[in-house]
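Asks: Okay, sequence plus prediction incoming.
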Amino acid sequence: MRADEIESAFENRWRACPADGGGAGAADDAWLRALTARIRPADAQARAAARSHWAAVAKPLGGLGLLEDAVCTLAAAQGTPHPVSAPRALAVFFADNGVVAEGISQSGQEVTLTAAHNICGGTASVSCMARIADCAVVPVDVGMAEPVDDAWMHVCATMRGTADIALGPACPRDTVLRAIGVGAHVAGLLADAGARVLAAGEMGIGNTTTSAAVASALTGAAPELTVGRGAGLTSEGLARKRAVVERALRVNQVDACADAVDVLAAVGGLDIAAMCGLYLGAAAHGCPAVLDGVISCTAALAAVRIAPELSGYLVASHCSSEPAARLLLDELGLCAPLQAGMHLGEGTGAMALLPLLDMALAVYDEAASFDACGMDAYRELS
């Protein structure tokens, strides 16, 4: 299936069962427990078979490095030694964050609206990259301060922008649960539409601040290790941003022992919550999920804290230049194939990886084996 066919099939399913029509979960934990109960550990036998297949390909052992690992993760997640990297789909979640009132960003919430128009119109950075990668793109408003007037936007806002986390909680716990449910619902509809690989992106001014706060809360790392310059803060702005995150953690009294949903409600954002839900929903439907940058990895860590089995379904794409990126990847037990200094968001890092996955799978499926070449296979040296 082509990207446009996935988008069309998703649209038909969305009209039949929109996220605000009961499919996005209730404001309690029962549906979340039911969702996580559907997540089975990734298939270890399929992973081992994929690893053995790589060893039989006539090339140096591990010659494609982390791309070989990524193919093995696709195999384990899809439960087959013959994995695929397409059809695929990217859901981009839009939400605004009240913490912008603290002056932690060089732009205001109006930029979220502009970016939404660009993605709906297919002119955003991620839209251009997705066309090259033949990846469906589905924009979802899960909490924009001002709704976008565009028929291509899928509207299921659980609230119109969160509160300022430096003063108190971002939102009620039940709002976070609904946002997680939206993400899981979107994942399910995309899987039903034929997508075999999923990815999540985000857009919301202030979300590098909320993701840094969530990363600090989940890992116990100090804000000095998680707060970065975002879209380009000055040194003075960076210091102010770190102070805001420190205050948010103190005011909301969150730490590394806190429940992940409570952390998201205290210092997170609705885009992060929806991405968390998409990763949970992807695993529940047997789909691997390609991660994006630091905000995506923050959401993935929250999802793994909710359902540890999810970790076997995650594929890292790149290590963002934001300081928390490597910390989060280490927490997830992942290594990213791309080290490109990217920090764009929207799902662009995930899109950059997809053509590399295609090429790795072409080698996996089509390259000559040692047997076919009449060669002895390479062996691991002790």
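Replies: All right, it came through fine. Not measured: the values here are computed from a predicted model.
Asks: hey, let's count contacts and neighbours off CA atoms from now on
Replies: Noted.
Asks: all strands of the chain, in order?
Replies: Taking DSSP state E as the criterion, the chain carries its strands at 88-95, 136-143, 154-155, 197-203, 289-290, 314-315.
Asks: Take those and write them to a markdown table, including mean pLDDT.
Replies: Compiled in a markdown table, the strands of the chain are given as follows (pLDDT from 0 to 100):
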| stretch | mean pLDDT |
| --- | --- |
| strand 88-95 | 98 |
| strand 136-143 | 98 |
| strand 154-155 | 96 |
| strand 197-203 | 98 |
| strand 289-290 | 98 |
| strand 314-315 | 98 |
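Asks: quick one, which of these is nearest to residue 52?
Replies: In terms of CA to CA, the element of those nearest to residue 52 is strand 314-315, at 19.5 Å.
Asks: can you give me how far that closest one is from the chain middle?
Replies: Relative to its chain's centre, strand 314-315 lies at 9 Å (CA atoms, centre = their mean, to the nearest Å).
Asks: Ok, stretch 89-101 next?
Replies: The chain centre lies 13 Å from the centre of stretch 89-101; the measure is CA atoms, centre = their mean.
Asks: first vs last residue of it, how far apart are they?
Replies: One end of stretch 89-101 to the other measures 34 Å (CA to CA, to the nearest Å).
Asks: all helices of the stretch 151-300 of the chain, in order?
Replies: All helices of the stretch 151-300 of the chain, identified by DSSP state H, counting those that start in this stretch, fall at 173-192, 207-219, 223-226, 235-252, 260-267, 270-284, 294-306.
Asks: which of the ones you listed is buried the deepest?
Replies: The highest mean neighbour count among these, using mean count of other CA atoms under 10 Å, belongs to helix 270-284: a mean of 32.
Asks: ok, the residue nearest to residue 116 when sequence neighbours are not counted - contacts?
Replies: Of all residues not flanking residue 116 in the chain, residue 148 sits nearest, at 6.9 Å (CA to CA, 6 or more residues apart in numbering). With contact taken as CA atoms under 8 Å, 6 or more residues apart in numbering, residue 148 is in contact with 113, 116-117.
Asks: mind running it again at 10 Å?
Replies: If you count contacts by CA atoms under 10 Å, 6 or more residues apart in numbering, residue 148 has them with 112-117, 120, 141, 154-155.
Asks: Tell me the buried residues within those.
Replies: Neighbour-count burial (16 or more other CA atoms under 10 Å) is assigned, among the contacts of residue 148, to 112-113, 115-117, 120, 141, 154-155.
Asks: ok, of those residues, which one's closest to residue 173?
Replies: Closest approach between those and residue 173, by CA to CA: residue 141, at 18.8 Å.
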